[in-house]
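Asker: Predicted model, plus sequence, below.
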Amino acid sequence: MQDRQRVTTALALIHQNQVALGKSIQLISTWFKQHAVSEVTGSLQAHMELLVNNSRQINSQLVNLLELPAAADR
């Protein structure tokens, strides 16, 4: 049980890093857009989509991991 908690905590921290990275890329993309560097902004967009999609999947998997111990306690 304790190992699962450690893994879940580690994954949650990795996810927080991913979200922070996504927000950073978004800020950089906005700066590029404001300074008319559109070719870089277009390249960043694909990476942002990947970050968002992965973030949703990680959220879903974390919810599943967090629910497993609760279900086992019943």
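Answerer: Received, thanks.

Asker: Buried by neighbour count: which residues of the helix or strand hosting Ala20 qualify?
Answerer: Taking DSSP states H and E as the criterion, Ala20 maps to helix 2-34. By neighbour count with 16 or more other Cβ atoms under 10 Å, helix 2-34 contains the buried residues 8, 15, 22, 29, 32. Just so you know, the C-beta spots here come from the backbone N, C-alpha and C atoms, and that holds for glycine as well.

Asker: can you pull the contacts of the second one?
Answerer: Counting by Cβ atoms under 8 Å, 6 or more residues apart in numbering, His15 makes contact with 55, 58-59, 62.

Asker: swap the cut-off to 10 Å and go again
Answerer: The neighbours of His15, taking Cβ atoms under 10 Å, 6 or more residues apart in numbering as the test, are 54-55, 57-59, 61-62.

Asker: And the pLDDT for it?
Answerer: With respect to pLDDT, His15 has a value of 82.

Asker: Please report how far it lies from Ser24.
Answerer: Between His15 and Ser24 the computed distance is 15 Å (Cβ to Cβ, to the nearest Å).
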